[in-house]
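Just the structure for this:
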Amino acid sequence: GVDVFRIEQQDVIASDSAQFIINNPQLYPDRIRRDEQGRLQIITNQYRNQGVREVSGVDIDFNHRWQLAAGQQLNLTSVWSHLIGYKQSLVAGQPVINGAGTNQFGALPQWQSNTRLTWQYQDWQTTVSADYTSSYQQKVATAASNAGLNSKVDSHLQFNAQLSFSGFANSVIALSVSNL
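The predicted structure is shown next:
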């Protein structure tokens, strides 16, 4: 199936972006306190009405089951989510930005998926799965403040496997291996 979504939230209460406040001291002189050497001491940051948050995307899922010989069964399931937009302002009163594919509102990769292939026969079941997360841009304050930090978080693909036996009354024994 395919689900297309667009969710708009009004009057979102969230804290301002401390980094945006630091990067724009001329806009927020009363919210930044430094010592005599210019070192940051306090950022006054509070929860405020950020206005509107709009989240949009597409969810896609696929399921198929095959009945095989001798009572065996094979199931394939794949679920994909694509984040098209995550729009909100970093600080109340500032313009709205799209944080999809960045870490500006937390890690928000644009693609995530889980695909599983499961074989079942009597009391035995085995599953192989793949979990995927797309890359995203890592927004940093300055290169000096985050030396060595990459501007991009690479995509990640992880394979997992599980074998289980349910031939005992009210029990399942499972062996799992994550991140093959």
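
so Leu68 sits right up against Leu74, yeah?
Yes: Leu68 lies in contact with Leu74 (CB atoms under 8 Å); the separation is 5.9 Å. (Glycine included, C-beta is placed from N, CA and C.)

Of the two, which one has the most company?
Higher neighbour count among Leu68 and Leu74: Leu74, with 14 against 11, using other CB atoms under 10 Å.

ok, Ser166 - contacts?
Neighbour list for Ser166: Asp123, Gln125, Val172, Ile173 [criterion: CB atoms under 8 Å, 6 or more residues apart in numbering].

Now the two most distant members of those.
Gln125 and Ile173 (11.0 Å; CB to CB).

so what's the closest residue to Ala70 other than its chain neighbours bridging to?
Distances taken as CB to CB, 6 or more residues apart in numbering place Tyr121 nearest to Ala70, at 7.4 Å, with adjacent residues excluded. Beta-bridge pairing of Tyr121 under DSSP bridges involves Trp124.

Can you name the residues that contact Tyr121?
Ala70, Gly71, Gln72, Gln73.

of those, buried ones?
Among those, none is buried by neighbour count (16 or more other CB atoms under 10 Å).

what's the farthest-apart pair in those?
Longest span within those, CB to CB: Ala70 and Gln73, 10.4 Å.

how about the spatially most distant residue from the centre of the chain, secondary structure?
The C-alpha centroid of the chain is most remote from Ala70, which lies 41.3 Å away (CA atoms, centre = their mean). At Ala70 the chain is in helix, as set by DSSP: H, G, I helix; E, B strand; the rest coil.

The chain should start at 53 in everything you say after this.
Happy to do that; since the first residue is 53 now, the last one works out to Ala122.

need the contact list for the residue minimising distance to the centre of the chain.
Centroid-nearest residue in the chain, with CA atoms, centre = their mean: Leu160, separated by 4.7 Å. The neighbours of Leu160, taking CB under 8 Å, 6+ apart as the test, are Leu135, Tyr138, Gly151, Ala152, Gly153, Thr154, Tyr188.
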